[in-house]
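A.B. asks: The following block contains a protein sequence and its predicted model.
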Amino acid sequence: MKPTLTTKLNARPRGQSSFFSKIWIGVPITTWLFLLIIIPICIMLVTSFYIKEGSVVVKKISLVNYLEFFINPIYLPIFFRTLLLALLVSLTSILLGYPLAYLVSRKVKRFRNQLYMLVIVPLWVSYLVRIVAWRTILGRVGVLNTILLSLKIIDEPLSIFIYSPFAVYVALIYIALPYVFISIFNSLEKIPKNLLDASADLGANSFNTFLHVILPLSMPGVISGFTLAFVIALGDYIIPQQLGGLNGMMFGNLIVTQFGYAYNWPLGAALGFIMFTVAVVILLVSQKFGSSEGFLE
Amino acid sequence: MNNHETEIQLIQITKKFGNFTAVQNVNLEIHHGEFFSLLGPSGCGKTTTLRMIAGLEEPTEGQICLAGEDVTYKPAYLRNVNTVFQDYALFPHMTVEENIHFPLKMKKVKYSSARTMIEEALSLVNMTGFGKRYPQQLSGGQRQRIALARSLVNRPRALLLDEPLGALDFKLRIAMQKVLKDIQKNVDITFIYVTHDQTEAITMSDRICVMKDGLIHQIGTPDEIYNSPASTFVASFIGDMNFLEGQVVQKGENSITIDVDGKPILSTRFKGSFSKGDSVVACIRPEKICLDKVCDSEFQNKFENHFQAAIHRIVFRGTDYEITLKFGQSEIRLIESASDFNDKKIGDQLFIGFQKDDVITYLKECKKVCDYETNLDN
C-alpha cells in the first residue's frame, strides 16, 4: 500500500490522477494549516465561550464575553473607530498608491525599476524600526517640529503630531502603502498595450481611456490592495501603542490587554474572534469582487 | 468603385526607432474605396506604416494627409480611421455590445441611435445575438468579426487591418477573406490591409504595395505585381519564380540574349539598361514553361527559348507535379498537371520551352541564386 510514482503511472491511464496522489501533494500544507491556523482558531473560539471567575478560567460554556463586548461602553466605540480608521487608511492608501503605481507603470520610462525598488525598499526594514522612525519624525523634539520651528511657522514645538489618532493614521498608511502599490502596479502592468492603442484608435482621449479601460481593468489590483491595507490596519496594535497615546487606542490594543495585563483570556479570545470574523467577511467580499473582475490572466 | 479620389496620402514618410530606420521615404497614395495591401516579410515596416496612418506612431519625417487634411500630428483619437488589430484587442471587461458601443460612446452618440447602429454592425459581420457575451466566450474567428464590427460601427473613412487573419487557422482564414471582401463592398470604405501572406494580398487587393527593409519596392495591381515584378525581391516574394544567372551575350533593339550555362535565352522584358557582358538574372514563372518529349517545329515556333535538360527531381503536390530539370549548374522548375505527367522519371532527357516575352531580366544584385530565397526569411 505504498505505491511508487512509476507503478502509479503505469497502472493508470494517462490524465486520470489517482485519489492518493492528490492527497499526498496536499498533506504537508494541510498539516501546516491545521496545526498553525485552524486548530489555534478553534481553540480561540472555544476559549471565547469560557468564563473568568476571579483569577481562574472556568471551562463553562457561556456568552458572557460576547455580551460584555456589546454592553461595556468601552468596546463598541473603539471597535467602530478601528473599523473607520482601517477604512480611511485603506482608502487613503489607494488614493496615494494608485497615482504612484500609474506613474511608475505607465509614465516613467527611465529609472522605472529603480523607482519601483524605491517604493518597495521600506519593506526590507524591520517593522519596529520604521515605527520608531516615525516617533523621531512626529515627536515633540522630532524632525517635523524642528523644521516647522526653523521655518518660523510655529513658535514652540507642537505635541499634536504624536500620540493621536492622526499619528496612527499616518503610520498605518506608511506601512500599507507598499502593499497597495505592488498590487495596483501588477494589475496595471498586466493590461496589454494594444488595448490602450485600440482605445485611442476608437476615439477615446487619454482621460476616457483611463476611465473606461485602464481603471476597470486595474480594479482587481485596487480591490486586493484595499483588502491588504484594511486587514493590516485592522489588526495592528504596535503602531497605536507606540504613536497613538490614549485617544489613538485601537481594538487590537484592547485584545492585547485582555491577554496581558487584564489576564482575561476568554474575553480576549471573544474580542479576537469578533475581529477575525470582520477580517474574514472583508476578504470573502473582496474575493468575490476581485474574481469577477479578473479578466486578464 | 474606384473613382481615384485620394483618401490617404503619405508624403516622404520616414520613421526611425533610435538608430533603426523602420520606414524610409515612403510615398503612398490610396484611393477612396480601395482595398489596398501593404505586403512584405516581417520587419519590413508595413505595420509601422499602418500605425502611422492610425496615429499610433508619429513619423520622424514627412507628412500624412487624410482626405486632403494634414493629420501628421493629430492624435489617434481625433482621426477618422479605425484599426483592426492582429490580436483583436477587444476589451475583456466589456461585453460584445459594450465593445461595439465604445467608439459610439466616445463620439457621444445617443444611446437610442447607438442601439440600432450596434445591431447593424453585428448583422454586418453575421454575429447577431452575440451581443451579451464576453470576448473570452468567443472563438478566434468570432472575436475577429467583433473587432471588425467595432471598427466599422463609426463608419470611418478608412479601415486599417493589421494582419487580421494571422492568428486564424487555414480554413477559417479563407472564409474570413471572403467575409472581409464582401463587407468592404457593402460599406464602401477604404481598406488598408497589412499582410505577409502574398496569396492573401493577391486574391483580395485592388492594389498592393510591396515593401522590404522600410522601402517600397513596387506599387501596383496584383496583375502588375505578379506579371511584371519591379525587382528580383518582388519576383521572389510573390509567387514561384525561376532565377537563371548568366551573362548578356547579344543586345538587340527589343530583346537581349543571355547565356545561361551554355544555353542562349532570349528575353524581351528587362529592368534597366544592359550592355554586353553584364551579369544578369533571368526570371521565368514555372507555370510558363512547357515540357515535351520531342522538339518538333511547332514547339520551336511557339517557344523562342527551347533546349534539352534532364529531370533532376519530381515532387508530387496533389493536383500537380513540380519537376526540376538540370542543365549544367542551373536548375529550372516547372509545373505539370497530373494528367500530363505520363510517368516521367528522374534522368529523362526532355525538351523545355518558354516564350521570350515571359522572361524578365534584372541586373544581378545578389551573389547566389539562393540569396533570392533567403531574402524571404529576413
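C.D. replies: Looks like it arrived, so ask away. Numbers count the residues shown, from 1 in each chain, chains lettered A, B, ... in the order given.

A.B. asks: switch to C-alpha atoms for all contacts and neighbour counts from now on
C.D. replies: OK.

A.B. asks: show me where pLDDT drops low in chain A?
C.D. replies: By pLDDT under 70, the low-scoring segments of chain A are A:1-21, A:290-297.

A.B. asks: Name the residues of the stretch 151-297 of chain A found near chain B, please.
C.D. replies: A:194-195, A:197-205, A:208, A:213, A:216-217, A:293, A:295-296 (Cα under 8 Å from any Cα of the partner chain).

A.B. asks: what's the helix or strand for residue B:208?
C.D. replies: strand B:207-212 (DSSP states H and E).

A.B. asks: quick one: that strand to chain centroid distance?
C.D. replies: 6 Å (Cα atoms, centre = their mean, to the nearest Å).

A.B. asks: and that strand, C-alpha only, in PDB?
C.D. replies: C-alpha atoms of strand B:207-212 as PDB (Å, rounded to 0.1, in the frame of the first residue of the first chain):
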ATOM      1  CA  ARG B 207      -3.600  47.400 -55.400                       C
ATOM      2  CA  ILE B 208      -0.600  46.100 -53.500                       C
ATOM      3  CA  CYS B 209       2.400  47.900 -52.100                       C
ATOM      4  CA  VAL B 210       5.400  45.500 -51.700                       C
ATOM      5  CA  MET B 211       7.800  46.600 -49.000                       C
ATOM      6  CA  LYS B 212      11.200  45.400 -47.800                       C
END
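
A.B. asks: what packs against the helix or strand following it?
C.D. replies: Counting by DSSP H and E, the next helix or strand C-terminal to strand B:207-212 is strand B:215-220. Here strand B:215-220 touches strand B:20-31, strand B:207-212, helix B:232-237, going by 3 or more Cα pairs under 8 Å, 6 or more residues apart in numbering or on different chains; DSSP states H and E.

A.B. asks: can you tell me which of those the model trusts least?
C.D. replies: Among these, helix B:232-237 carries the lowest mean pLDDT, at a mean of 90.

A.B. asks: Which strands border the helix or strand following that one, and is each parallel or antiparallel?
C.D. replies: Using DSSP H and E, the next helix or strand after helix B:232-237 towards the C-terminus is strand B:242-251. According to DSSP bridges, strand B:242-251 forms sheet pairs with strand B:256-260 (antiparallel), strand B:279-284 (antiparallel).

A.B. asks: any chance of those in a markdown table, plus mean neighbour count and mean pLDDT?
C.D. replies: What follows is the strands paired with strand B:242-251, written out as a markdown table (neighbours: other Cα atoms under 10 Å in any protein chain shown; pLDDT from 0 to 100):
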| stretch | mean neighbour count | mean pLDDT |
| --- | --- | --- |
| strand B:256-260 | 23 | 90 |
| strand B:279-284 | 24 | 90 |
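
A.B. asks: could you redo those strands as CSV and give each row distance to residue A:59?
C.D. replies: As requested, those are exported to CSV (distance: least, Cα to Cα, whole Å):
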stretch, distance to residue A:59
strand B:256-260, 107
strand B:279-284, 100
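
A.B. asks: ok, which residues in the stretch 151-300 of chain B are in contact with chain A?
C.D. replies: residue B:151.

A.B. asks: circling back to that earlier point, quick one: which of the strands paired with strand B:242-251 is nearest residue A:178?
C.D. replies: strand B:279-284 (66.0 Å; Cα to Cα).

A.B. asks: what does that closest one contact?
C.D. replies: By Cα atoms under 8 Å, 6 or more residues apart in numbering or on different chains, the surrounding residues in contact with strand B:279-284 are B:235, B:241-248, B:258, B:267, B:358-364.

A.B. asks: how much does the strand holding residue B:208 deviate in direction from strand B:20-31?
C.D. replies: For strand B:207-212 against strand B:20-31, the angle by axes from the mean of the first three to the mean of the last three Cα atoms, to 10 degrees is 170 degrees.

A.B. asks: which strands and helices sit next to strand B:207-212?
C.D. replies: Applying 3+ Cα pairs under 8 Å, 6+ apart, we find strand B:207-212 packed against strand B:35-39, strand B:215-220, helix B:222-227.

A.B. asks: any idea which of these is most buried?
C.D. replies: Mean neighbour count, computed with mean count of other Cα atoms under 10 Å in any protein chain shown, is highest for strand B:35-39 among those, reaching a mean of 28.

A.B. asks: Great, nothing more from me.
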